[in-house]
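Student: Pasting the sequence and the predicted model now:
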Amino acid sequence: MSDFASLSPEELANRRQALRRQRRIRNVQTIWRVLAISGMAVGALWLISRPVWVIRSSDQIAIEGNERLSDEAIQALLPLAYPQSLLEVEPEQIAQFIQTQAPVSYAEVTRQLLPPRLNVYVQERHPVAVTIPTQPKPLSTQAQDSKPAHQPGLLDSRGHWMAQSNFTTIAPDTPLPELKVKGFDPQYQGEWSMLYQALQGTSITVAEIDWQIPSNVILHTQVGTVHLGILDPQTLERQLSTLAQLRSLTSTDNIPEVEYIDLSNPETPAIKTITPP
């Protein structure tokens, strides 16, 4: 109060005028900032909405990460109608579509404005076995048609199942695996991963795995038909080791014909021979 009391009326008027000038300057600056930001936003939207930001052909789709699958096969798979605006493309939906229709474990799709294009990155699944359907394909719903028991499929080393038709469509020149699995069910995924890894560590060639009866998994091998019983990680390695020791059965001429080898207890293997008529 003492400072204002010591000022003359003229000085007080000058101070009020200076304050009003400062407020006007701040208001003008605020208005310009709002106009500048709004102009930039409108300009960006205008640029993006221009016809130049359009995917006109598959040449504007860049594929990365693929090894067996060709760029053309993945490009042809994408659910796009050319020409299509980049703003209308849903990257997450396209990535999900790729994962369900192609043998890939992961897909990522991103949009790029300059130059306008789609970038697609995939991680492929490598099939190691063919699944043989054990039930006729039903005539009811599409969801049932996609079950492993109802149509031929493929397995990767981790037990991920994929429809064989999807794989042969997108990779027609890729040979199918020789190993066959009959009676596979997705609930066996963990056991399959264990079994396949164990088979890679043995010298015995396995042509087919019969999983129709989970309590007795059967291997068709170069040694003969082998009954493993219930798959058990504690005994599987011992079972395969014992089977390798029985390899001499295939090169011996003076023994009866073997119907199957029972390795459900690898400590006491049993051989079932075919009784002559």
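Tutor: Nice, I can see it. Numbering: from 1, shown residues only.
Student: what's the helix or strand for the residue nearest the centre of the chain?
Tutor: Most central in the chain under CA atoms, centre = their mean is residue 105, positioned 1.7 Å from the mean C-alpha point. Per DSSP states H and E: residue 105 is located in strand 104-112.
Student: Can you list the strands that that strand pairs with?
Tutor: strand 117-124 (antiparallel) (DSSP bridges).
Student: contacting residues around the strand it pairs with?
Tutor: 55, 60-69, 74, 78, 86, 89, 91, 94, 98, 102-112 (CB atoms under 8 Å, 6 or more residues apart in numbering). Every C-beta, even on glycine, is put in place using the N, C-alpha and C of the backbone.
Student: what residues are up against residue 154?
Tutor: Counting by CB under 8 Å, 6+ apart, residue 154 has contacts 103, 127, 129, 130, 131, 161, 162, 163, 164, 167, 176, 177.
Student: For the residue lying closest to it once chain neighbours are set aside, which residues are in contact?
Tutor: Closest residue to residue 154 apart from its sequence neighbours, by CB to CB, 6 or more residues apart in numbering: residue 127 at 3.8 Å. Shown in contact with residue 127 (CB under 8 Å, 6+ apart): 103, 154, 155, 156, 162, 167, 176, 177.
Student: Now with 6 Å, please.
Tutor: 154, 156, 177 (CB atoms under 6 Å, 6 or more residues apart in numbering).
Student: Give me the phi and psi for it.
Tutor: phi -70, psi 140 (degrees, to the nearest 10).
Student: returning to that earlier point: in a markdown table: the contacts of residue 127, plus pLDDT and distance to residue 207.
Tutor: Shown next, in a markdown table, are these (pLDDT from 0 to 100; distance: CB to CB, whole Å):
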| residue | pLDDT | distance to residue 207 |
| --- | --- | --- |
| 154 | 93 | 16 |
| 156 | 94 | 19 |
| 177 | 94 | 11 |
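Student: and which of those is nearest to residue 234?
Tutor: Distance to residue 234, by CB to CB, is smallest for residue 156 among the contacts of residue 127, at 25.1 Å.
Student: quick one: which of the contacts of residue 154 sit in strands?
Tutor: 127, 129, 130, 131, 161, 162, 163 (DSSP state E).
Student: right, and the fifth one touches residue 153 too?
Tutor: When you say that, I think you mean residue 161. Yes. At 5.1 Å, residue 161 counts as touching residue 153 under the criterion of CB atoms under 6 Å.
Student: one step back: ok, the residue nearest to the centre of the chain to residue 173 distance?
Tutor: Note on residue 105: its distance to residue 173, by CB to CB, to the nearest Å, is 21 Å.
Student: can you check residue 99 too?
Tutor: Distance from residue 99 to residue 173, by CB to CB: 22 Å.
Student: Which one of those two is surrounded by more residues?
Tutor: Per other CB atoms under 10 Å, whichever of residue 99 and residue 173 has more neighbours is residue 99, with 17 against 8.
Student: Pull the contacting residues for the residue lying closest to the more buried one once chain neighbours are set aside.
Tutor: Spatially, and ignoring its direct neighbours in sequence, residue 99 is nearest to residue 107 (5.2 Å; CB to CB, 6+ apart). Contacts for residue 107 (CB under 6 Å, 6+ apart) come out as 95, 98, 99, 122.
Student: Equivalent analysis for residue 95, please.
Tutor: Here residue 95 is in contact with 107, 108, 109 (CB under 6 Å, 6+ apart).
Student: For it, give its distance to residue 89.
Tutor: For residue 95, the distance to residue 89 - CB to CB - is 11 Å.
Student: just the contacts of residue 127 now: which is nearest residue 244?
Tutor: Nearest member of these to residue 244, counting by CB to CB, is residue 177, at 22.1 Å.
Student: Please give the number of neighbouring residues around the closest one.
Tutor: By other CB under 10 Å, 15 other residues sit near residue 177.
Student: cool, and residue 182?
Tutor: Neighbour tally, residue 182, other CB under 10 Å: 16.
Student: which one is it nearest to, not counting chain neighbours?
Tutor: residue 132 (4.5 Å).
Student: Tell me how many other residues surround that neighbour.
Tutor: Neighbour tally, residue 132, other CB under 10 Å: 18.
Student: separation between it and residue 22?
Tutor: For residue 132 relative to residue 22 (CB to CB), the value is 85 Å.
Student: swap in residue 62?
Tutor: 55 Å.
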